[in-house]
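>>> okay, predicted coordinates and the sequence, questions at the end:
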Amino acid sequence: GDSVTQTEGLVTLTEGLPVMLNCTYQSTYSPFLFWYVQHLNEAPKLLLKSFTDNKRPEHQGFHATLHKSSSSFHLQKSSAQLSDSALYYCALRITGNTGKLIFGLGTTLQVQP
Amino acid sequence: EAAVTQSPRNKVAVTGGKVTLSCNQTNNHNNMYWYRQDTGHGLRLIHYSYGAGSTEKGDIPDGYKASRPSQENFSLILELATPSQTSVYFCASGSGTASQNTLYFGAGTRLSVL
């Protein structure tokens, strides 16, 4: 069945260092992947999503590349900022037209000075 | 941007009591969803709806009912609340028509069942 795996529960790094949050998936049909970000005491909101034409989505310095060969959609940023500290969810659109998303367990990113 | 409003924002309920969480969206989205968020479990889908009058079971529907009386409103009902239902609940809406469905979340309701 369809599933999403985020292996890291907590990632702690120093400001200015590169960020990579892992996301792998299993999908019955052609996958559409999303990254949502949730800052403390706020609602989750869309950070970026995969394109159908293999373009690399980017937003607020973050980018992710859909690799169907390895079933991955890792989130990356070249230089972490303190304001990037948040909970990040990877999500997979379930096949069919329900619009349902399966979310991973989430990765908390803590950026320290 | 899409607007999804949840009420109440915080709720304390007693075990065995009835709880209703409300959600309103003003973007004319067909699809609406109820998720709960728990540490170690991420976001889990409870119920969802394709439009007014429809409700569907999500991944963890036991102990919950849903109601979609109109395009704008989607309620989550706990008929007999239990302490295990203490959680943060998020409502979301989405068009559901495009292949890439963006969900817009409300601010959440923090429910404590004592």
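It's in.
>>> how far away is B:E79 from B:A13?
In this structure, B:E79 and B:A13 are separated by 12 Å, where distance is defined by C-beta to C-beta, to the nearest Å. Where you see a C-beta, it was placed from the backbone N, CA and C, and this is true even at glycine.
>>> no, scratch that, I was asking about A:L17
Distance, A:L17 to B:A13, using C-beta to C-beta: 44 Å.
>>> for those two, indicate the residue with more neighbours.
Remark: of A:L17 and B:A13, B:A13 carries more neighbours, 18 against 12, as counted by other C-beta atoms under 10 Å in any protein chain shown.
>>> bridged to the more buried one, which residues?
Residues in a beta bridge with B:A13, per DSSP bridges, are B:V113.
>>> ditto for A:Q76
Here A:Q76 sits in beta bridges with A:M20, A:H63, as judged by DSSP bridges.
>>> spit out the contact partners of it.
Each residue near A:Q76 by C-beta atoms under 8 Å, 6 or more residues apart in numbering or on different chains is listed here: A:P18, A:V19, A:M20, A:L21, A:F62, A:H63, A:A64.
>>> one more: A:L10?
Shown here is A:L10, whose contacts under the criterion C-beta under 8 Å, 6+ apart are A:T107, A:T108, A:Q110.
>>> also B:A107?
Counted by C-beta under 8 Å, 6+ apart, B:A107 has contacts A:E42, A:A43, B:T5, B:Q6, B:R9.
>>> how about the nearest residue to the first one once chain neighbours are set aside, secondary structure?
Beyond its immediate neighbours in the sequence, the residue positioned closest to A:E42 (C-beta to C-beta, 6 or more residues apart in numbering or on different chains) is B:A107, lying 7.2 Å away. Using DSSP: H, G, I helix; E, B strand; the rest coil, the three-state assignment for B:A107 comes out as coil.
>>> helix or strand for the closest residue to chain B within chain A, which one?
In chain A, the residue that lies nearest chain B is A:G99 (3.2 Å; C-beta to the nearest C-beta). Secondary structure from DSSP states H and E places A:G99 outside every helix and strand.
>>> for burial, what's the neighbour tally of it?
A:G99 has 26 neighbouring residues, counting by other C-beta under 10 Å.
>>> didn't it look like it was pressed against B:M32?
No: using C-beta atoms under 8 Å, A:G99 makes no contact with B:M32, being 9.8 Å away.
>>> helix/strand/coil for the most centrally placed residue in chain B?
Note on chain B: the residue nearest the mean C-alpha position is B:W34, at 2.6 Å, using C-alpha atoms, centre = their mean. Secondary structure assignment for B:W34 (three-state DSSP): strand.
>>> ok, for residue 59, nearest residue in space, not its chain neighbours?
This is for chain A. Looking at A:H59 with C-beta to C-beta, 6+ apart, the closest residue is A:L48, at 4.5 Å.
>>> switch to chain B, that's the one I care about
B:L45 is the one closest to B:D59 (C-beta to C-beta, 6+ apart), at 4.9 Å.
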